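1. Give me coordinates for this.
(one chain, ligands or ions: 1)
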Amino acid sequence: MAVDALCSPLGPPACEKDAKALQFIEEMTRSADAVQERVLAEILSRNSDTEYLRRYNLAGATDRETFKSKIPMVTYEDLEPIIHRIANGDRSPILSAHPISEFLTSSGTSAGERKLMPTIREELDRRQLLYSLLMPVMNLYMPGLDKGKGLYFLFVKSETKTPGGLLARPVLTSYYKSDHFKTRAFDPYNVYTSPNEAILCPDSFQSMYSQMLCGLYERQQVLRLGAIFASGLLRAIRFLQLNWRELAHDIRTGTLNSNISDSDIRSCMARVLRPDVELADFIEAECSKDNWERIITRIWPNTKYLEVIVTGAMAQYIPTLDYYSGGLPKVCTMYASSECYFGLNLNPMCKPSEVSYTIMPNMAYFEFLPHDPNSPSAGSDKLVDLVDVEVGKEYELVITTYAGLCRYRVGDILRVTGFHNSAPQFHFVRRKNVLLSIDSDKTDEAELQSAVENASKLLNTFNTTVVEYTSYADTKTIPGHYVIYWELLVKDPTNSPTKEVLEQCCLAMEESLNSVYRQGRVECNSIGALEIRVVKNGTFEELMDYAISRGASINQYKVPRCVNFTPIMELLDSRVLSNHFSQSLPHWTPERRR
Ligand code: AMP
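-> Have a look, this model is predicted:
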């Protein structure tokens, strides 16, 4: 088919390959309901002999009505006993007829540990398929991306084995280590400055250093710059702030920093390194300036946009990204999870607040639970199919995957903004129950409460208690960090808690937080030291007065456990008596503790 023969709202495509991808999107979204019906039938027929489906007596039925009448909606906690059996080595077809190839460790946690999502080998093809649709869409809005490269800061994280011998690792680590990524075909529209060796190095310093070095050498070729999440891109900028002298030295001399010991990186960097005095002078001149505003466009002057997720919790980083990039467009391309990749943004140049993701109906079977904060226990009889959601309404996403998750609640709340053909488009509203998030960590109210309780035990010997607390995700520092405001009741002012004890309280809170938080602190350095700000007595009463003055009911007033409204922050900060930071890192090892 000739490229220009494709008559699509998503066109004209940049090349023949793009035409096929765009046509695929059109086909899938035009027949969204039929595709969903086929996906469900495929999943149910291939998994009909699994222990899980047999439990519900489907008797071989693969239709929607039987599925909806017999299969319950579940949470991770409901599936945990099964997940543990698989993790412990039970290879019988429990959830999926296809062997579970590995576990993907979600950034969502259960009992403080990452959730383990079973996956099957062919899911890699599905993920790859979604990736293959992103550039064809991008090329519609941004011509000429084949004339340069992308500087993307991509990382692998540590992996472990379950007692039964299955690998457990994050979905992106699994993808980057797969042949799908490592031996991907050359695509002029998708050339990265980072070599695979740098991306695949498990040491985050060495990986970042070599990716940054390559990005600096190719500064004129870089047309787009990104990371998965906004927090990751800002971490790269911070890394440059801390390491530009060493990087410039390497560029000046054509040698590699001796702290980079990974042999694969060293041999691949030998092909990149060359002495370039002019470039080294330029980097030193730019980076030694006090003002780092627009540093991204100063160093990479041809950058057309930033590719980072700035929807959901990551929206808090938009002002900082704008500061460093001079307001370059921020492109959010896709919406995905460890459980399943969901969909893509068909209008990638839109403003972050307007981003909507079109769910691709071939990825899994999707259902939607109308979200009503007043009746959170709504049952599966309320579930709505993909094509039946209504514009303007909010839903919780529920998925049935090829890997065997059935009517599984993902925990994301989405609002329908419109349709592309018959496929709905969703604004990501938020993840349920998340109070604090800096990077991929998600801390809920119960976790924060128990962290405060554990830390406040250290105050017992000082006859001191925490009377009230609230929290704030401070993203003005890079990396961002948790701030916990404490109002203390010191019963014996001659024996009030010392600075050292309050610092230990910071660490005790960190020790109590979930493993994704602690990994961010220890392995990824993506979260800064937790801070306690002790506020004057009576501050929380003032907070209540303020809320009541703005219309809150006295009877129903509850202390907000997380704040981010500027007048409230100003009130709290104006009452701070002292602030304290964790002086060491919490405990974290890649080993699973169960
Ligand atoms: P994980 O299971 O750790 O891979 O995290 C998946 C979760 O990250 C999703 O369920 C969402 O809550 C969040 N997420 C993924 N993509 C996006 C996006 N584009 N915008 C906002 N949140 C996202």
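2. Spell out which residues of the chain are next to the ligand.
-> By Cβ under 6 Å from any ligand atom, the part of the chain that sits against the ligand consists of 106-108, 171, 309, 311-312, 332, 335-338, 410, 412, 428, 431, 440. No exception for glycine: its C-beta is placed from N, CA and C like everyone else's.
3. now the longest strand along the chain, how far from the centre of its chain.
-> When every strand of the chain is counted residue by residue (DSSP state E), the longest turns out to be strand 408-420. Its chain's C-alpha centre lies 17 Å from the corresponding centre of strand 408-420 when counted by Cα atoms, centre = their mean, to the nearest Å.
4. Buried ones in that strand, by neighbour count?
-> The neighbour-count criterion (16 or more other Cβ atoms under 10 Å) identifies 408-417, 420 as the buried residues of strand 408-420.
5. and the residues you listed as CSV, adding pLDDT?
-> What follows is the buried residues of strand 408-420, written out as CSV (pLDDT from 0 to 100):
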residue, pLDDT
Tyr408, 98
Arg409, 97
Val410, 97
Gly411, 95
Asp412, 97
Ile413, 97
Leu414, 98
Arg415, 98
Val416, 98
Thr417, 98
His420, 97
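6. And the contacts of stretch 545-553?
-> Residues from elsewhere that reach stretch 545-553 (Cβ atoms under 8 Å, 6 or more residues apart in numbering): 544, 554, 557, 567-568, 571.
7. of all the residues you listed, which two lie farthest apart?
-> In terms of Cβ to Cβ, these reach their longest pairwise distance at Ile554 and Pro567, which sit 19.3 Å apart.
8. Give me the below-cutoff pLDDT ranges for the stretch 301-450 of the chain.
-> Within the stretch 301-450 of the chain, the segments meeting pLDDT under 70 span 376.
9. what ranges do the helices span in it?
-> Counting by DSSP state H, counting those that start in this stretch, the stretch 301-450 of the chain has helices at residues 318-325, 445-456.
10. which helices and strands does the last one pack with?
-> In this structure, helix 445-456 packs against strand 464-474, strand 481-490, helix 499-512, with contacts taken as 3 or more Cβ pairs under 8 Å, 6 or more residues apart in numbering; DSSP states H and E.
11. among those, which is the most enclosed?
-> Ranked by mean neighbour count under mean count of other Cβ atoms under 10 Å, those are led by strand 481-490, which reaches a mean of 22.
12. For it, which helices and strands make contact with it?
-> Using 3+ Cβ pairs under 8 Å, 6+ apart as the contact criterion, the secondary-structure elements in contact with strand 481-490 are helix 445-456, strand 464-474, strand 531-535, helix 539-549.
13. run the last query once more with 7 Å
-> Based on contacts counted as 3 or more Cβ pairs under 7 Å, 6 or more residues apart in numbering; DSSP states H and E, the elements that strand 481-490 packs against are strand 464-474, strand 531-535.
14. Tell me how many other residues surround Lys351.
-> Lys351 sits with 11 neighbouring residues when counted by other Cβ atoms under 10 Å.
15. Would you check that Thr109 makes contact with Leu513?
-> No. Look at Thr109 against Leu513 with Cβ atoms under 7 Å: they stay out of range, at 9.6 Å.
16. Comparing those two, which residue is more hemmed in?
-> Counting neighbours by other Cβ under 10 Å for Thr109 and for Leu513 shows that Leu513 has the greater number, 25 against 21.
17. Let me see the contact set for that one.
-> When the contact criterion is Cβ atoms under 7 Å, 6 or more residues apart in numbering, the partners of Leu513 are 443, 447, 451.
18. Compare these and tell me which has the most neighbours.
-> Each of the contacts of Leu513 was scored by neighbour count (other Cβ under 10 Å); the top score is that of Ala451, with 25 neighbours.
19. what about the nearest residue to it once chain neighbours are set aside, distance to Leu458?
-> Leaving out its chain neighbours, the residue that sits closest to Ala451 by Cβ to Cβ, 6 or more residues apart in numbering is Ser512, at 3.8 Å. When Cβ to Cβ, to the nearest Å is applied, the distance between Ser512 and Leu458 equals 12 Å.
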